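K.L.:
fold the following, please.
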Amino acid sequence: MTGATNRRKGHQAERDVVRFAREHGCPDAVTTRNTGGAGGNQIGDVVLAPGVVVEVKNVAGSAWPTWIRQAMNGADGRIWAVVRKTPGVTDPGEWWTACDPAWVADTMNAEPFPEWMSVGVFGDVGVVKIRFRVFVKAVRLDR
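P.N.:
Numbering: from 1, shown residues only. Model prediction:
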């Protein structure tokens, strides 16, 4: 695939994440494209809500540890997540999302989330891996 095709796929996945988030209670969700990425100042692919940044990945291969580091470094103290478009799955709510387990655990005190997938370690970073719809629900509860 060409670089242009990969960028187009990535941008479409970002738009899908924003659309899903807006439709499910995060009306301020926006892509950050063209906001300083070339200069190294971009804070993620999507701002889901004030203080919540998301890296969106739409690639065949998996590189979770690298993506998580990228999200954490770009978050600059904000809540971070990595959303990966699951191959063959068109509903962004069903895409896997890795995020900070401490934040999710704190948010979960408000309401249980039976849709949890796993808590684990990627590299030396602890993460929780959940569906994007669960992450959006947690963001709404945290606001």
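
K.L.:
for K9, which non-adjacent residue is closest in space?
P.N.:
Closest residue to K9 apart from its sequence neighbours, by C-beta to C-beta, 6 or more residues apart in numbering: N58 at 4.8 Å. Any C-beta I mention is one placed from the backbone N, CA and C, and that applies to glycine too.

K.L.:
ok, A81 next?
P.N.:
Closest to A81 by C-beta to C-beta, 6+ apart is C99, at 4.1 Å.

K.L.:
and for the residue nearest to K9, the neighbour number?
P.N.:
20 (other C-beta atoms under 10 Å).

K.L.:
do you know the pLDDT at it?
P.N.:
Looking at N58, its pLDDT reads 95.

K.L.:
tell me if I'm right that it and Q12 touch.
P.N.:
Yes - between N58 and Q12 there is a contact under C-beta atoms under 8 Å: 7.2 Å.

K.L.:
which other helices and strands contact the longest helix along the chain?
P.N.:
Longest helix of the chain, by residue count under DSSP state H: helix 3-23. Helix 3-23 sits against strand 30-31, strand 46-49, strand 52-57, helix 132-142, with contacts defined as 3 or more C-beta pairs under 8 Å, 6 or more residues apart in numbering; DSSP states H and E.

K.L.:
alright, that wraps it up for me.
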